[in-house]
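Trainee: sequence below, structure please.
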Amino acid sequence: MLFNNRISYSNRIGDIILFILLTYDFDVTYKAGAKRLRKMAKICENYGVRVQNSVFELIIDTTQYTALKCMIVELI
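Mentor: Numbers count the residues shown, from 1 in each chain. Take a look at the predicted model:
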């Protein structure tokens, strides 16, 4: 898991660790787009390190990946 920029690997046997570069872009000319942009950044900050404004580096396991994917699909 990745919290406060510290990495701790799960003790479960068989976990696959994923290294992901996540990027996104939303149309911010409307309020809804700006709100969505902020929510996406907040979600990503829980899973990784911000490299640039809309770019994150993530080190997560498959369970975290599934949870992240569900949150992103729900947001979009």
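
Trainee: which helix or strand contains the residue nearest to the spatial centre of the chain?
Mentor: For the chain, Cys44 is the residue whose C-alpha lies nearest the centre (Cα atoms, centre = their mean; 3.0 Å). Here Cys44 sits within helix 31-45, counting by DSSP states H and E.

Trainee: show me the helices in this protein, by range?
Mentor: With DSSP state H, the ranges of helices along the chain come out as 31-45, 62-75.

Trainee: can you redo those as CSV with distance to Thr23 and mean pLDDT?
Mentor: Placement of C-beta: from N, CA and C, glycine included. As requested, these are exported to CSV (distance: least, Cβ to Cβ, whole Å; pLDDT from 0 to 100):
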stretch, distance to Thr23, mean pLDDT
helix 31-45, 10, 90
helix 62-75, 12, 90
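
Trainee: can you pull the contacts of the residue nearest to the centre of the chain?
Mentor: Residues counted as contacts of Cys44 (Cβ atoms under 8 Å, 6 or more residues apart in numbering) are Leu22, Tyr24, Arg50, Phe56, Leu58.
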